[in-house]
Every structure is written in C-alpha cells, then in structure tokens.
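Asks: Make a model of this:
(one chain, ligands or ions: 1)
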Amino acid sequence: MTTPEELAQQAADAIAQRTGNPTHDVAVVLGSGWSGAADAFPVTAEVPYAELPGFSASAVAGHSGALRSVRVGTKNVMFFSGRTHFYEGRGVAAVVHSVRTAAAAGCSVLVLTNGCGGLNPEWAPGTPVLIADHLNLTANTPLVGANFVDLTEVYSRRLRDLARSIDPTLDEGVYAQFIGPQYETPAEVRMAGILGADLVGMSTVLEAIAAKAAGLEVLGMSLVTNAAAGMTGEALHHAEVLQAGKDAGERIAGLLTAILEKL
Ligand code: 8IG
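Replies: A predicted model of the protein is given here:
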C-alpha cells in the first residue's frame, strides 16, 4: 500500500523533474477568484494535474487544474490552480494531497486562498479577509492515528502581519469549513456566527490542518464573494460568485503578488 506521504513524495519528484527545480520554497493554492496572481510572474513550467501522481482534474467551473512553477525573486513558487474539494467524495487524503506534495517538494510556507461567504455586513463582495483561525465543521480530519498536532496558531501571525504591512486595511476573521456542496441555510449561517465564524466556505480548514501537521507555516486568505445565505435576503448563485471573483481579481492578485515578493 502506498501511504499518502509516499504518494506526495512521488508527486514532488515528478514536479522536480518536470520543472527542473529540485526544490520549491513556497506553495500557493488558488481558490475561486484568486487565479490572476499566478500570471504576474515568469513561468518556469506548467504541469496538468492529470500528469502528476495522486492529482485529478477538477470538475468545478472556474478552477483550471494544473500546477504552475514560477520564479518570484530568488524563490521557486508552486501554484496549485484548482483544488480537490471534500464534496467531490474522493476522501480527505485527496483533499490535502496538494499540501503534502508542497511539503515533500521542500516548501516551508503555504498560502491557502479561497472564495467564501461573509457574515460581516461591512464586507462587500470582493473584499479580501485574512483568516485568523478556523472552525472545522466537516466532522473529519486528514490526520490518522495518535497525531496530536498543536493548532494554537494555524494561521501564522507573522504572515498576517506581513500581509497587513502591504495592505493595512485588511480585516481578519474566523473561517468555518462546511462540507458543501450546497450553500448554507440562513439558520446554518446564524449557527456558524454564534459559534464564532465570520466566513463560511467549503475548503481550506482540512488543508490547513494537514499543513500544520507537515510543519508548514500557513497564510490563509479569503475573498468574500457573497454575503452568506440569509444576510441580505438575496439568493446565492455560483455565476455571481465567479463574477465577484473576476471583479476583485486585480486587487487581490496585486495583494498576493506583493506578499509573495516580501516572503
Ligand atoms: I465562493 O456562501 C463561496 N463558497 N459554504 N458558503 C460556502 N461556501 C462558499 C460560499 C458560501 N461562497
């Protein structure tokens, strides 16, 4: 049996071979709305997920499904454009395979981005928010066995401060991961708010747990693409979510680019 770590090592070896970079320094997972950031840097190589051990092409509109290696200053940065979501039913190991691959490739910093719903009425669609902490509402974990990982500071204070040194207006909040794929009911959004959530989404938390277990320093950034269900009385549509991402694309790409240059 191949363990998840062995499969990640195979993917990392394939990435080293295909990109010509024996190691990478930083990994970025691009969620809904964030893809523009990968275009700002000279591309070393692009590898379709289909050609990497353990990866599968994503089925969600707005997610492209390839790994891109770029050079940022003196650092090699790998961009995962598209992610496996828990709701795809491929299991939690598949969800965190990118994260383990990044660790196996030598990365020490992981940037997790997503599009999500916002509970704070001051966050208009298109507002980027730093993730300060999370609620794991998936009733799942990527960890198996007696692996008592400390989650006191999942989302690095150093990296949040670095982000705010670039954009002092950045707010931060608690991100709650629901399984999806359906959006929440208004009652579920109220529940999440009572539990302490400011952001609701369908990714990031399981990945962040795997990242901490692998020793990675994590920066989490959400793009609020919509008010969470029930906040405005409007219904949620995936097309509008994608449009909000497109409209905010330039600002958040610039933000992410500036962060990567400062790492
Ligand atoms: I984009 O409102 C996006 N993803 N769970 N709720 C959840 N996921 C999301 C939402 C949302 N918007």
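Asks: Now do the buried residues in the strand or helix carrying Ile194.
Replies: According to DSSP states H and E, Ile194 maps onto helix 186-195. Across helix 186-195, burial judged by 16 or more other C-beta atoms under 10 Å covers Glu188, Val189, Arg190, Ala192, Gly193. The way it works is simple: take the backbone N, C-alpha and C, and place the C-beta from them, glycine included.
Asks: Just checking, which helix or strand succeeds it along the chain?
Replies: Next along from helix 186-195, by DSSP H and E: strand 199-201.
Asks: following that next one, which helix or strand shows up next?
Replies: Beyond strand 199-201 toward the C-terminal end (DSSP H and E), the next one is helix 205-213.
Asks: And the helix or strand following that next one, what does it pack against?
Replies: Per DSSP H and E, helix 205-213 leads on to strand 217-227 as the next helix or strand towards the C-terminus. If contacts are counted by 3 or more C-beta pairs under 8 Å, 6 or more residues apart in numbering; DSSP states H and E, strand 217-227 sits against strand 109-118, strand 127-136, helix 157-166, strand 171-177, strand 199-201, helix 205-213, helix 238-262.
Asks: Packed most tightly, which of these would that be?
Replies: strand 199-201 (a mean of 28; mean count of other C-beta atoms under 10 Å).
Asks: who does it pair up with?
Replies: With DSSP bridges as the test, strand 199-201 is paired with strand 109-118 (antiparallel), strand 171-177 (parallel).
Asks: residue contacts, whichever residue of the chain sits closest to the ligand?
Replies: Nearest residue of the chain to the ligand (C-beta to the nearest ligand atom) works out as Gly117 at 2.3 Å. Listed by C-beta atoms under 8 Å, 6 or more residues apart in numbering, the contact partners of Gly117 are 183-184, 189, 199-201, 224-229, 231, 236.
Asks: That one - nearest residue in space that isn't next to it in sequence?
Replies: Ala228 (3.5 Å; C-beta to C-beta, 6 or more residues apart in numbering).
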